[in-house]
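Colleague: Sequence first, then the predicted structure:
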Amino acid sequence: MSRLGRYAIPGDTHRVETTILRSRFVTTIGHAPTVDEARAFIARVSDEFPEATHNCWAFVVGPPGDTSHVGMSDAGEPHGTAGKPMLAVLLGSGLGDIVAVVTRYYGGTKLGRGGLARAYSGGVKAVLEDLPRAERVSKTRLRVGLGYEAVDPVRRILDDHEAQVSDENYGAGVTLTIDLPDERVDAFVEQVAGITKGTATVEREGAR
């Protein structure tokens, strides 16, 4: 993770197909922000290839390299020849919230344990070469109470803090609901306090 609350994730689902000694390998990688979504992705790909000999998989949910929420399966291949090498590539990819499924159609020639490990890890590496990337940004929601005279000055600093107004209410005063990156919160609150001479109220609703 290069900055607090930010890390690279798959930007889209991507697939690469290879043939090794007549075995067909189809590798599919996608975004998995939760374990449930990773398992749902695996189920969808497996359902897409119901006649395949194996649908092996691995996932990393969380920041790049974090092993708190990982999973893998050899799906009938010899132990340690598919899921483990796939997971090792994902953990070293610099990407988080990522899931991979390698679908194999057996071609009649055994690859051996080393050959299988190279085939499964190689499929994941091949997809990663061209995988679109995006950035996950952990955000906090603030409810900011202001006087009417402070609304425009506060709006002018939003872009500086990558902040967005998601809701606004006008009454005796103004309440802006603002989403912004976690690491920007303290500086934003400090600047709002300066603009309003300490009269603003700020309520944190937590991470988003």
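Modeller: Structure's in. What do you need?
Colleague: residues in contact with S121?
Modeller: With contacts taken as C-beta atoms under 8 Å, 6 or more residues apart in numbering, S121 has the following neighbours: P85, M86, A88, V89. In short, each C-beta sits where N, CA and C put it, glycine included.
Colleague: What of A75?
Modeller: A75 is in contact with H54, N55, C56, W57, A82, G83, counting by C-beta under 8 Å, 6+ apart.
Colleague: and it, which of the three is it?
Modeller: At A75, secondary structure determined by DSSP: H, G, I helix; E, B strand; the rest coil is coil.
Colleague: Got the phi and psi for it?
Modeller: Listed backbone geometry of A75 is phi 50, psi 40, with angles given as degrees, to the nearest 10.
Colleague: just wondering, since we're on it, how far is it from P50?
Modeller: Here A75 is placed at a distance of 13 Å from P50 (C-beta to C-beta, to the nearest Å).
Colleague: before we move on, the earlier item: please list the members of the contacts of A75 that lie in helices.
Modeller: Cross-referencing the contacts of A75 with the helices (criterion: DSSP state H) gives G83 as the overlap.
Colleague: which stretch of helix or strand covers the residue of the chain positioned farthest from its centre?
Modeller: Taking C-alpha atoms, centre = their mean as the measure, the residue most remote from the mean C-alpha position of the chain is A172, 41.4 Å away. Take DSSP states H and E as the rule and A172 turns out to sit in neither a helix nor a strand.
Colleague: Please tabulate the contacts of A75 in a markdown table and include pLDDT as additional columns.
Modeller: Output for those, formatted as a markdown table (pLDDT from 0 to 100):
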| residue | pLDDT |
| --- | --- |
| H54 | 97 |
| N55 | 98 |
| C56 | 98 |
| W57 | 98 |
| A82 | 97 |
| G83 | 96 |
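Colleague: how about CSV for the contacts of A75, with distance to V35 and neighbour count added?
Modeller: Formatted as CSV, the entries for those read as follows, by distance: C-beta to C-beta, whole Å; neighbours: other C-beta atoms under 10 Å:
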residue, distance to V35, neighbour count
H54, 22, 22
N55, 18, 23
C56, 18, 29
W57, 12, 27
A82, 19, 28
G83, 15, 22
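Colleague: What is the nearest of the contacts of A75 to T196?
Modeller: Here the nearest of those to T196, counting by C-beta to C-beta, is W57; it sits at 52.1 Å.
Colleague: show me the contacts for that closest one.
Modeller: I42, V45, G71, M72, S73, A75, G83, M86, V99, A100, V101, V102 are the contacts of W57 under C-beta under 8 Å, 6+ apart.
Colleague: Filter the contacts of S121 down to just the buried residues.
Modeller: Buried residues within these, counting neighbours by 16 or more other C-beta atoms under 10 Å: P85, M86, V89.
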